[in-house]
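>>> fold the following.
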Amino acid sequence: MSTQQKESNIPAHTNKSVAVFSLNPTTHACPIIRIISPLTENNWAISWCAEYINSAWHFNIDHAKTVDLIIIQRHFPAPFTAETIKKLLKLNIPIIYETDDLFFDIPRKHTSHKNLKKCKPYIKWVVKSADQIVTSTDILKTSLCKHTTKPIHVLKNTIDFKLFSSSPKMKRNSFNILIAGTSTHQSDWDIIKAPLLEVLKKHQGKVRAIFFGHLPRAFQNNPAVDLIDFQGDYKQYANTLKRLSIQAALVPLEKTAFNDCKSNIKWLEYSSAGIPGIYSNSTPYNSCIENGKTGLLADNTKTAWLQAIESLINNPEYAIELATHSQAIVRNGYTIDNLPKNYFSLFDNLIGKGHKSTVISELSITPTLIKEKMLSKFSVFLNKHFLWRLKSHRKL
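From the prediction side, this is the model:
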């Protein structure tokens, strides 16, 4: 058994165990935020039973047979994990499907649209088959209700405040603006491209943009722009965020069904790190931010974003005030330490109840499996009786 498949974060006095099947490693944000940190807080022994070794995935099903609970996370359901999921569903152990994204409605412009679209029928299969579903937002719960009759619970994101905690930083040589994210946020960044470029030109030498994770083409070779490479290790990311001298963070979000289901995790992180933020006036943020007090909400127009950015550049003391207020709100109401006592009742109550299998839940994936099998056989037939001739011809 590999290091990652061994039990991790095990409290000395625990007798509750969970096996997690996720395509994200234990060092990444989603596993830590959604599973590792909160369950460790409640004395669960966590075993990560999926690991990528030597260019291949390995799934520890044998260890899953020994635990009290199984969690299948996010986009783990996929064509290449179907056999593993079948075996897990046959175990008499309760299964939770956990997700913080609406994988049924991936925007076409999303860089992972093609791959995630292939996962859709498999995710539906697990959503129908799991004993319970856990999500991060009420809107995501509503969206998933269309695909299953199984119980869906909303466990909102919390933050490990100690991991991010840092004092707000006053402007020194320049007013530094942070934009963090991977290339999946290209369409979101289009919202701020024009206003941010205008700000950098207007305040040349006084304002800098720091992209953390990916640098859009429009900002490449701009002398007022810096890039910090993507850091997949969540704790490393938190430490870097604390060390940076940032006076404002921009969090644009395009209006889509997928984005509406997202959580407010960036507000939690930036607030904990003492960074004031400007956020799109959309559901993930206008549901928790008090505009003008714990952050700024901007409509997705050039004028709105330009005015919001300028308001902080021209009044850095106000930016510090926003950061101070939002940090206090998050520290007092959104941290792991402040979880309600009944937060873990869902997990605790499933212990010993076994998995309730249903025949109907298999139907959602059957057509896909049949199609794949037919295509596979047809491909073998073509290679054997026809395509080899073409390959031989090319060699001549």
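
>>> so what's the gap between the host helix or strand of His325 and the chain middle?
Under the criterion DSSP states H and E, the helix or strand holding His325 is helix 316-333. Taking the mean C-alpha point of helix 316-333 and that of its whole chain, the gap between them comes to 24 Å (CA atoms, centre = their mean, to the nearest Å).

>>> check stretch 240-259 too.
Taking CA atoms, centre = their mean, the mean C-alpha location of stretch 240-259 is offset from the chain mean by 14 Å.

>>> in it, what counts as buried?
Along stretch 240-259, the positions that meet the burial threshold by neighbour count (16 or more other CB atoms under 10 Å) are 240-242, 244, 246-254, 256, 258-259. Where you see a C-beta, it was placed from the backbone N, CA and C, and this is true even at glycine.

>>> that's a helix at Phe76, yeah?
No. Residue state for Phe76 (DSSP: H, G, I helix; E, B strand; the rest coil) corresponds to coil; a helix is not indicated.

>>> residues near it, how many?
For Phe76, the neighbour count with other CB atoms under 10 Å is 24.

>>> residues contacting it?
Listed by CB atoms under 8 Å, 6 or more residues apart in numbering, the contact partners of Phe76 are Phe21, Ser22, Leu23, Ala50, Ile85.

>>> tell me the spacing between the fourth one and Asp190.
Computed as CB to CB, to the nearest Å, the Ala50 to Asp190 distance reads 34 Å.

>>> settle it for me: which of these two has more neighbours?
Between Ala50 and Asp190, Ala50 has the larger neighbour count (other CB under 10 Å), namely 22 against 15.

>>> so that one touches His58, yeah?
Yes. Between Ala50 and His58 there is a contact at 7.4 Å, judged by CB atoms under 8 Å.

>>> how's the protein carved up into domains?
In the assignment given by automatic domain parsing, the structural domains of the chain cover 7-158+345-374, 161-336.

>>> please enumerate the strands of the stretch 1-150 of the chain.
For the stretch 1-150 of the chain, applying DSSP state E, counting those that start in this stretch gives strands covering 7-8, 16-21, 44-48, 50-53, 56-59, 69-73, 95-98, 132-135.

>>> how about the ones you listed in JSON lines, adding distance to Glu317 and mean pLDDT?
Supplementary listing: the strands of the stretch 1-150 of the chain in JSON lines, determined by distance: least, CB to CB, whole Å; pLDDT from 0 to 100:
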{"stretch": "strand 7-8", "distance to Glu317": "44", "mean pLDDT": "48"}
{"stretch": "strand 16-21", "distance to Glu317": "45", "mean pLDDT": "97"}
{"stretch": "strand 44-48", "distance to Glu317": "44", "mean pLDDT": "95"}
{"stretch": "strand 50-53", "distance to Glu317": "48", "mean pLDDT": "94"}
{"stretch": "strand 56-59", "distance to Glu317": "52", "mean pLDDT": "96"}
{"stretch": "strand 69-73", "distance to Glu317": "43", "mean pLDDT": "98"}
{"stretch": "strand 95-98", "distance to Glu317": "42", "mean pLDDT": "97"}
{"stretch": "strand 132-135", "distance to Glu317": "39", "mean pLDDT": "96"}
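
>>> report the buried residues of stretch 55-63.
Phe59, Asn60, Ile61, His63.

>>> nearest spatial neighbour of Ser22, skipping sequence neighbours?
The shortest distance from Ser22 to any non-neighbouring residue, by CB to CB, 6 or more residues apart in numbering, is to Gln73 (3.8 Å).

>>> and if you look at Lys117?
Ile106 (6.5 Å).

>>> count the neighbours of that neighbour for me.
By the other CB under 10 Å criterion, the neighbourhood of Ile106 contains 23 residues.

>>> what does Pro340 give?
Neighbour tally, Pro340, other CB under 10 Å: 7.

>>> just the helices in the stretch 201-350 of the chain please.
Counting by DSSP state H, counting those that start in this stretch, the stretch 201-350 of the chain has these helices, from start to end: 234-243, 257-260, 265-272, 283-286, 302-313, 316-333, 345-350.

>>> pretty sure Leu346 is touching Thr135, no?
No. With contact defined as CB under 8 Å, Leu346 does not count as touching Thr135 (11.8 Å).

>>> thinking again about what came up before, please indicate which of the contacts of Phe76 are buried?
Neighbour counting by 16+ other CB under 10 Å classes Phe21, Ser22, Leu23, Ala50, Ile85 among the contacts of Phe76 as buried.

>>> and of these, the nearest to Lys117?
Lys117 has its nearest neighbour among the buried ones among the contacts of Phe76 in Leu23, at 15.8 Å by CB to CB.

>>> check whether Val199 sits in a helix, strand or coil.
Assigned state for Val199: helix (three-state reduction, three-state DSSP).

>>> can you count the residues close to it?
22.

>>> what of Arg217?
By the other CB under 10 Å criterion, the neighbourhood of Arg217 contains 8 residues.

>>> summarise which helices and strands the helix holding His325 is packed against.
For helix 316-333, the elements it packs on are helix 265-272, helix 302-313, judged by 3 or more CB pairs under 8 Å, 6 or more residues apart in numbering; DSSP states H and E.

>>> what comes up buried for stretch 59-79?
With burial defined by 16+ other CB under 10 Å, the residues of stretch 59-79 counted as buried are 59-61, 63-64, 67-78.

>>> likewise stretch 140-153?
Leu140, Lys141, Ser143, Leu144, Thr148, Lys150, Ile152.

>>> just send these back as JSON lines, with distance to Thr40 and pLDDT too.
Compiled in JSON lines, the buried residues of stretch 140-153 are given as follows (distance: CB to CB, whole Å; pLDDT from 0 to 100):
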{"residue": "Leu140", "distance to Thr40": "24", "pLDDT": "96"}
{"residue": "Lys141", "distance to Thr40": "24", "pLDDT": "97"}
{"residue": "Ser143", "distance to Thr40": "29", "pLDDT": "94"}
{"residue": "Leu144", "distance to Thr40": "26", "pLDDT": "95"}
{"residue": "Thr148", "distance to Thr40": "28", "pLDDT": "92"}
{"residue": "Lys150", "distance to Thr40": "26", "pLDDT": "92"}
{"residue": "Ile152", "distance to Thr40": "24", "pLDDT": "96"}
